[in-house]
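> Build the 3D model from these lines:
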Amino acid sequence: MAVHKRYDRNVLGRGLDDIGNGRGLDALIDTGEVRTQGSSNLNEIPLSQISPNPNQPRREFDEEALQELANSIREVGIIQPITLRQVEDGKYQIIAGERRWRASQLAGLSSVPAYIRTVQDENVMEMALVENIQREDLNAIEIALAYEHLAETTGMTQEKISERVGKSRAAVTNYLRLLKLPAQVQMALKNREIDMGHARALLSIESPSVQIKLFKEIQKYGYSVRKVEEMVKMINSGDDVPTAKKAVTAKAQLPEEFNVLKDRLSALFQAPVQMTCNQRGKGKISIAFANEEELERIMNAIDSIANR
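A predicted model of the protein is given here:
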């Protein structure tokens, strides 16, 4: 077995005093309490001996966010060790911390601090799922697929899954129902082109073809969740999509210049923007963000406008 040196906890915070009050570090690296997850020793493991967990719930990693994390790792090192399990002599698989592992490679590190834990195969997916839901920003479809995989591989009921991941049974059920939506709707939800509220409303329609028709209307006009819910009620009462659209949009028709403004704001903030307006001209603007990095980007855009 390869011999690895014990990792000195004193170096975990190296360089923190030099950071000052720079904004954004906490959004990149969680400096909260480190959970060892039952591991005994903290070791430094070569990156070449580590492989990702093929059942990791997260399917995609934001390249820009990874690069930002890599830059921080170059400056201050790894703040929180990753968690591994040994799969064979000198080989390890990630249980939690794949983002840190990937960013460490970008940062040019040769090894990373890691907790080593011995777990059974059937527990690995569960641990990875719990870790990611609590500490990462999985999109709704990734969470749904993870729940489904967890149920299939472990035989857990929805009630048991809800207990293990700290969610209500209704929440688990709602996520799993998303997988019944047409593929193009799932892709839009995955890419955060629509919200969970939109998806739940579409699920109330039995016909997949009608779901797709209404989904295309949402994409084209950026309907709010409330407006889609109103349209779904009318559709389920016997109206078709065009009739429901006319009835709902007649209540609060956005002038064309508002739609242009909404598109410009979406491009400016690089995020979905929703606008509502009543007949007296009163309304609101909402900007959706998926994680702290996106929120910080939006705030920077607002700051740049304010400083002009």
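> What is the burial count for N291?
Using other Cβ atoms under 10 Å, N291 has 13 neighbouring residues. (Each C-beta comes from the backbone N, C-alpha and C, glycine too.)
> Now do it against R169, distance only.
Look at N291 and R169: by Cβ to Cβ, to the nearest Å, they are 26 Å apart.
> likewise V210?
Going from V210 to R169 by Cβ to Cβ gives 28 Å.
> N307 too?
From N307 to R169 the distance is 48 Å (Cβ to Cβ).
> Which one of these two is surrounded by more residues?
Shown here are N307 and R169; by other Cβ under 10 Å, R169 has more neighbours (14 against 6).
> and the more buried one, backbone torsions?
Backbone geometry at R169, expressed as degrees, to the nearest 10, gives phi -60, psi -40.
> Look up the closest residue to it, ignoring the ones flanking it.
Nearest residue to R169, sequence neighbours excluded (Cβ to Cβ, 6 or more residues apart in numbering): S162, at 4.4 Å.
> What about L150, how many residues nearby?
Using other Cβ under 10 Å, L150 has 24 other residues around it.
> For whatever helix or strand I143 lives in, name the packing helices and strands.
With elements taken from DSSP states H and E, the one containing I143 is helix 140-154. Identification of packing neighbours for helix 140-154 by 3 or more Cβ pairs under 8 Å, 6 or more residues apart in numbering; DSSP states H and E yields helix 121-135, helix 158-165, helix 169-177, helix 183-190.
> Check the ones you listed for me: which has the lowest mean pLDDT.
With a mean of 62, helix 121-135 has the lowest mean pLDDT of these.
> what's the distance between Q158 and P52?
Using Cβ to Cβ, Q158 is found at 27 Å from P52.
> Give me the more crowded residue out of the two.
Higher neighbour count among Q158 and P52: Q158, with 17 against 13, using other Cβ under 10 Å.
> these two touch, right, that one and R177?
No. Applying Cβ atoms under 8 Å, one finds Q158 not in contact with R177, separated by 10.9 Å.
> Please give the number of neighbouring residues around T157.
For T157, the neighbour count with other Cβ under 10 Å is 12.
> Could you tell me which residues make contact with the residue nearest to it when sequence neighbours are not counted?
Excluding its sequence neighbours, the residue lying closest to T157 (Cβ to Cβ, 6+ apart) is A151, at 7.6 Å. A151 makes contact with 157-158, 161, according to Cβ atoms under 8 Å, 6 or more residues apart in numbering.
> Need the residues you listed in a markdown table (columns: distance to L84).
Below are those laid out as a markdown table (distance: Cβ to Cβ, whole Å):
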| residue | distance to L84 |
| --- | --- |
| T157 | 29 |
| Q158 | 30 |
| I161 | 24 |
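> With respect to E217, which of those residues is nearest?
Distance to E217 across the contacts of A151 (Cβ to Cβ) is lowest for Q158, with 31.8 Å.
> so M275 is in which element?
Per DSSP H and E, the secondary structure element for M275 is strand 273-277.
> buried residues in the helix or strand following that strand?
Going down the chain from strand 273-277, the next helix or strand is strand 283-287, by DSSP H and E. Residues of strand 283-287 classed as buried by neighbour count (16 or more other Cβ atoms under 10 Å): I287.
> Quick one: mean pLDDT for the very next helix or strand once past strand 283-287?
Using DSSP H and E, the next helix or strand after strand 283-287 towards the C-terminus is helix 292-306. When pLDDT is averaged along helix 292-306, the result is 87.
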